[in-house]
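Trainee: Build me a model from this:
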Amino acid sequence: MNIFSIFTLFGGLAFFLYGMNVMSSGLEKLSGGKLEKMLKSLTSNPFNALALGAGITIAIQSSSALTVMLVGLVNSGIMDLNQTIGIIMGSNIGTTLTAWILSLSGIESNNFFLQLLKPESFSPIIAIFGILLIMASKKDKHKNIGTLMIGFSILMCGMQFMAGAMKPLAGMPQFTNILTAFNNPILGIIVGAIFTGIIQSSAASVGVLQALSMTGGITFGMAIPIIMGQNIGTCVTALISSIGVGTNAKRVSVVHISFNVIGTAVFLLIFYAGHMIFNFSFLESAINPFQIAVCHTIFNIVTTLLLLPFINQLEKIAMTVIKDKNVEAEDIVFLDERLLLTPTFAIKECENLTVKMAIIAKKNFFRALKMLNNFNEKRMEKIQRKEPVIDKYEDKLGTFLVNLSTKNLSDSDSREVSKLLSTIGDIERIGDHAINILKVAKELQEKNIILSDYVKQELLTIIEALSEIMEITIDSICNNDTEKAKMVEPLEQVIDILVSESRESHIKRLQNGQCTLTNGFIYSEILNNIERVSDHCSNIAIYQIQVNQSSFDRHAYLNNVKSFKDADFNKNFDMYKNKYLKVRVQVDI
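Mentor: The predicted model follows:
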């Protein structure tokens, strides 16, 4: 084997790994945030989790990447350890798809239709269509399909390079002598584990084994232990990803390693015990790429079915290996950096945490409003405690989103990141307004000032409207609902009218001597903070509308609705006007 063949071999491996990476990226972008939703909603049943793990691994073409995701999700507190075990088992089954696709390279026939199934026949055509989609299409979905097709073509090209480079090995005695050593099952497992650990992809190492089998020098007896070892080697990625994470996240890696090591040991014991009894003669026969795909699939399905009833025992092993720590001593992790490896997952989790942040800010603001009538020291302490939490959400989410923006994102994902960055800024300001209201409440308490019945009646309606606008705003973020977001601006306009009328009424009360100047300043401060919170809701809703429209002019939109040229706006405005302005208690002053 000359130096050029070696270069071709490693060049083919590089093409293969790069193609798999590109293919995985295209599949992930196509799937969007749907996978993340399924991960959390369909994991209560072990069989659902098993199917889900297989499905997601097929979608992203990497069981290692899925395990890294799971480590990140558990470390962020999004999933429980028990939920991940079935998914990890299913991922081993899902990873076999690549082997089946690559097995097409081993087709040997002069039949025209069978020749069409060979990758060298159809992958160039797929590459042409892929590049056309990328260059000509304006839709992200079509571009992602094109990326997927290009990745597949590069992967198959790498496979052909490796197969071509390995063909001269068939006639080399030295190569035959090396392969003879692999008849030792333990050595085969070690080699498979080490090689897979180095390239961190069991699918890729199976592909290399399939390319090697085209020389005709690999037997079933050599290939089966290597396949077993490949499943152990793929745990290296999960092991690396568990460095520096919380207790439960480390346990995900332990579960992954335990499952693959125990599964391999049990299968090895059963298989070679059977060989001793029944003498499997086929072990001395040469194996081809198709048969490797069959062996790979049988091994993963059998080990999964054997260990599926022992999910709880695997969890206990993980909890025994990784002992509990003092949870209070651990830093709170909002978003694990490992989620950056899968941007669509990361964006969805940022959306989830943005909603949580908004709910905390809303609750804190309404706690502060309650203090205006009923000052309470414990409630004040809780409001003051929650404000740094909101700030921490903004800090952690903001930093994470900035890092996420540097990744290879689709246009829609980039807009989503920008929306979230803007949204968390407005939510943080709502939290600040809660502190402002708290200061007003404390001043009322210290100066022994009681709000008049006129003020209480006016505030009652305004606060009810404010509660609704915040509910609609949070709901629009939670469900990515543009129609909900469009209902915010009409209600914001009604709140502006309510606040304006309250100011006018208060001025009249001041003129009639029914209210002191000090009370006037305090009430004005309350109204200002309420109005600003309403404005922040309007900003968030506009970001929501904007992200779902590629061309959107914020000022043009506001001018259009405020001049009552938008039919939907007019309809919602009339609804809220009838709800809050007509039923408002009019105080005769």
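
Trainee: Quickly list the domain ranges of this structure.
Mentor: 3-166+178-321, 342-581 (automatic domain parsing).

Trainee: Report how far apart the opening and closing residues of the first one are.
Mentor: Translated: domain 3-166+178-321. 47 Å (Cα to Cα, to the nearest Å).

Trainee: coming back round to it: which stretch among the domains of the chain is buried most, on average?
Mentor: Highest mean neighbour count of those: domain 3-166+178-321, a mean of 20 (counted as mean count of other Cβ atoms under 10 Å). All C-beta spots, glycine's among them, are computed from the backbone N, C-alpha and C.

Trainee: Report the contact partners of the residue nearest to Ile317 when sequence neighbours are not counted.
Mentor: Excluding its sequence neighbours, the residue lying closest to Ile317 (Cβ to Cβ, 6 or more residues apart in numbering) is Ser258, at 5.1 Å. Ser258 makes contacts with Leu314, Ile317, Ala318, as judged by Cβ atoms under 8 Å, 6 or more residues apart in numbering.

Trainee: Check the last one and give its pLDDT.
Mentor: Translated: Ala318. With respect to pLDDT, Ala318 scores 91.

Trainee: Tell me the helices and strands packed up against the host helix or strand of it.
Mentor: Element membership for Ala318 (DSSP states H and E) is helix 311-321. Here helix 311-321 is seen to pack against helix 81-94, helix 247-278 when contacts are counted using 3 or more Cβ pairs under 8 Å, 6 or more residues apart in numbering; DSSP states H and E.

Trainee: Recalculate using a threshold of 10 Å.
Mentor: Helix 311-321 makes packing contacts with helix 46-60, helix 81-94, helix 247-278 when contacts are defined by 3 or more Cβ pairs under 10 Å, 6 or more residues apart in numbering; DSSP states H and E.

Trainee: related to what we said a few turns ago, wait, which of the domains of the chain is closest to Asp336?
Mentor: With distances scored as Cβ to Cβ, the stretch of the domains of the chain nearest to Asp336 is domain 3-166+178-321 (3.7 Å).

Trainee: Need the residues that contact stretch 376-391.
Mentor: 332, 357-358, 360-361, 363-365, 367-368, 370-371, 395, 424, 427-432, 434-435, 437-438, 441-442, 445 (Cβ atoms under 10 Å, 6 or more residues apart in numbering).

Trainee: Which residue, other than its chain neighbours, is closest to Val488?
Mentor: Nearest residue to Val488, sequence neighbours excluded (Cβ to Cβ, 6+ apart): Ala541, at 3.5 Å.

Trainee: Please look at that neighbour and Ile469 and confirm they touch.
Mentor: Yes - the pair Ala541 / Ile469 is scored as a contact, 8.8 Å apart, by Cβ atoms under 10 Å.

Trainee: Mind listing the shared neighbours of the two?
Mentor: When contacts are counted by Cβ under 10 Å, 6+ apart, Ala541 and Ile469 are jointly contacted by Met487, Val488, Glu489, Leu491, Glu492.

Trainee: can you tell me which two in these are farthest apart?
Mentor: Going by Cβ to Cβ, the pair spanning the shared contacts of Ala541 and Ile469 furthest: Met487 and Glu492, at 9.8 Å.

Trainee: got any residues that touch both of the two?
Mentor: Taking Cβ under 10 Å, 6+ apart as the contact rule, Met487 and Glu492 both touch Ile469, Thr473, Ala541, Phe573, Tyr576.

Trainee: which residues of the stretch 1-150 of the chain fall in helices?
Mentor: Secondary structure of the stretch 1-150 of the chain (DSSP state H, counting those that start in this stretch): helices located at 3-31, 34-41, 46-60, 63-75, 81-94, 96-102, 112-116, 119-136, 140-166.

Trainee: so which helix or strand takes in the spatially most central residue of the chain?
Mentor: With distances taken as Cα atoms, centre = their mean, the chain has Phe345 as the residue nearest its mean C-alpha position (1.3 Å). For Phe345, the enclosing helix or strand under DSSP H and E is helix 343-370.

Trainee: what is the rounded mean pLDDT of that helix?
Mentor: Mean predicted lDDT for helix 343-370 stands at 89.

Trainee: what angle separates the helix or strand just after that helix from helix 343-370?
Mentor: Later in the chain than helix 343-370, the nearest helix or strand by DSSP H and E is helix 377-405. Angle between the axes of helix 377-405 and helix 343-370 is 160 degrees (criterion: axes from the mean of the first three to the mean of the last three Cα atoms, to 10 degrees).

Trainee: Make residue 1 into 197 and carry on from there
Mentor: Got it, first residue is 197 now, which makes that one helix 573-601.

Trainee: picking that back up, residue contacts, the residue nearest to Val684?
Mentor: 619, 622, 665, 668-669, 672-673, 678, 680-685, 687-688.

Trainee: quick one: Thr411 and Gln487, what's the gap?
Mentor: Taking Cβ to Cβ, to the nearest Å as the measure, Thr411 falls 14 Å from Gln487.

Trainee: so which strand or helix has the residue nearest to Lys758 when sequence neighbours are not counted?
Mentor: Distances taken as Cβ to Cβ, 6+ apart place Gln689 nearest to Lys758, at 7.2 Å, with adjacent residues excluded. Gln689 is located in helix 684-707, with elements delineated by DSSP H and E.

Trainee: Export only the CA atoms of that helix, formatted as PDB.
Mentor: Extracted in PDB, the C-alpha atoms of helix 684-707 (Å, rounded to 0.1, in the frame of the first residue of the first chain):
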ATOM      1  CA  VAL A 684     -51.700  43.200  22.400                       C
ATOM      2  CA  GLU A 685     -51.400  46.600  20.700                       C
ATOM      3  CA  PRO A 686     -55.200  47.300  20.700                       C
ATOM      4  CA  LEU A 687     -55.300  46.600  24.400                       C
ATOM      5  CA  GLU A 688     -52.200  48.700  25.000                       C
ATOM      6  CA  GLN A 689     -54.000  51.600  23.400                       C
ATOM      7  CA  VAL A 690     -57.000  51.100  25.700                       C
ATOM      8  CA  ILE A 691     -54.700  51.100  28.700                       C
ATOM      9  CA  ASP A 692     -53.200  54.300  27.500                       C
ATOM     10  CA  ILE A 693     -56.700  55.800  27.400                       C
ATOM     11  CA  LEU A 694     -57.500  54.500  30.900                       C
ATOM     12  CA  VAL A 695     -54.300  56.000  32.300                       C
ATOM     13  CA  SER A 696     -54.900  59.300  30.500                       C
ATOM     14  CA  GLU A 697     -58.400  59.500  31.900                       C
ATOM     15  CA  SER A 698     -57.100  58.700  35.400                       C
ATOM     16  CA  ARG A 699     -54.600  61.500  35.200                       C
ATOM     17  CA  GLU A 700     -57.300  63.900  34.100                       C
ATOM     18  CA  SER A 701     -59.600  62.800  36.900                       C
ATOM     19  CA  HIS A 702     -56.700  63.200  39.400                       C
ATOM     20  CA  ILE A 703     -56.000  66.700  38.200                       C
ATOM     21  CA  LYS A 704     -59.600  67.600  38.800                       C
ATOM     22  CA  ARG A 705     -59.400  66.100  42.300                       C
ATOM     23  CA  LEU A 706     -56.400  68.200  43.000                       C
ATOM     24  CA  GLN A 707     -58.100  71.300  41.700                       C
END
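
Trainee: average pLDDT across that helix?
Mentor: 89.

Trainee: next SSE after it?
Mentor: Counting by DSSP H and E, what follows helix 684-707 is helix 713-743.

Trainee: and the helix or strand containing Glu667, what other elements does it pack with?
Mentor: Using DSSP H and E, the element containing Glu667 is helix 649-674. On a contact count with 3+ Cβ pairs under 10 Å, 6+ apart, helix 649-674 meets helix 539-566, helix 607-642, helix 678-681, helix 684-707, helix 713-743, helix 763-772.
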